[in-house]
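>>> need a 3D model of the following:
(one chain, ligands or ions: 1)
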Amino acid sequence: MVTVTDKELSKLGMHIEPSVGDIDLVCGMDVSQKSRYSLQYKDTTYFFCSDHCKTHFRDDPEKYIGG
Ligand SMILES: [Zn+2]
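Model prediction:
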């Protein structure tokens, strides 16, 4: 007899963990969290595809965060 509880089902459904900081907020591109272009702002590390995007973010972070 196999019993699958709701708890176990939701555990299976949580296979994909939400990742933070792997989208370049400037251009919207997916970036690896191993990207060398990262910037820490308000306790959060943001990642960028290029130095170009990183500079844009640094100049006006609130614009990209949506604050
Ligand atoms: Zn970019």
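>>> low-confidence stretches in this protein?
1, 9-21, 67 (pLDDT under 70).
>>> what does it put close to the ion?
Taking CB under 5 Å from the ion as the contact definition, the chain meets the ion at 24, 26-27, 29, 49, 53. Backbone N, C-alpha and C define where each C-beta goes, glycine included.
>>> R36: which of those is nearest?
Closest to R36 out of the residues of the chain next to the ion is C49 (10.5 Å), distances taken as CB to CB.
>>> tell me where this protein has strands.
If you assign secondary structure with DSSP state E, the strands in the chain sit at 37-41, 44-48.
>>> got the CA positions of the first one in PDB?
This means strand 37-41. The C-alpha trace of strand 37-41 is given here as PDB (Å, rounded to 0.1, in the frame of the first residue of the first chain):
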ATOM      1  CA  TYR A  37      29.800  41.300 -12.800                       C
ATOM      2  CA  SER A  38      28.100  41.600  -9.400                       C
ATOM      3  CA  LEU A  39      27.200  44.400  -7.200                       C
ATOM      4  CA  GLN A  40      25.900  44.500  -3.600                       C
ATOM      5  CA  TYR A  41      23.200  46.900  -2.900                       C
END
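>>> elements contacting it?
Other helices and strands packing on strand 37-41, by 3 or more CB pairs under 8 Å, 6 or more residues apart in numbering; DSSP states H and E, are strand 44-48, helix 51-59.
>>> ditto for the last one
Under the contact criterion of 3+ CB pairs under 8 Å, 6+ apart, the helices and strands touching strand 44-48 comprise strand 37-41, helix 51-59.
>>> redo that, cut-off 10 Å
Using 3 or more CB pairs under 10 Å, 6 or more residues apart in numbering; DSSP states H and E, the elements in contact with strand 44-48 are strand 37-41, helix 51-59, helix 61-65.
>>> now tabulate those in CSV and tack on mean neighbour count.
Formatted as CSV, the helices and strands packed on strand 44-48 follow (neighbours: other CB atoms under 10 Å):
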stretch, mean neighbour count
strand 37-41, 13
helix 51-59, 15
helix 61-65, 14
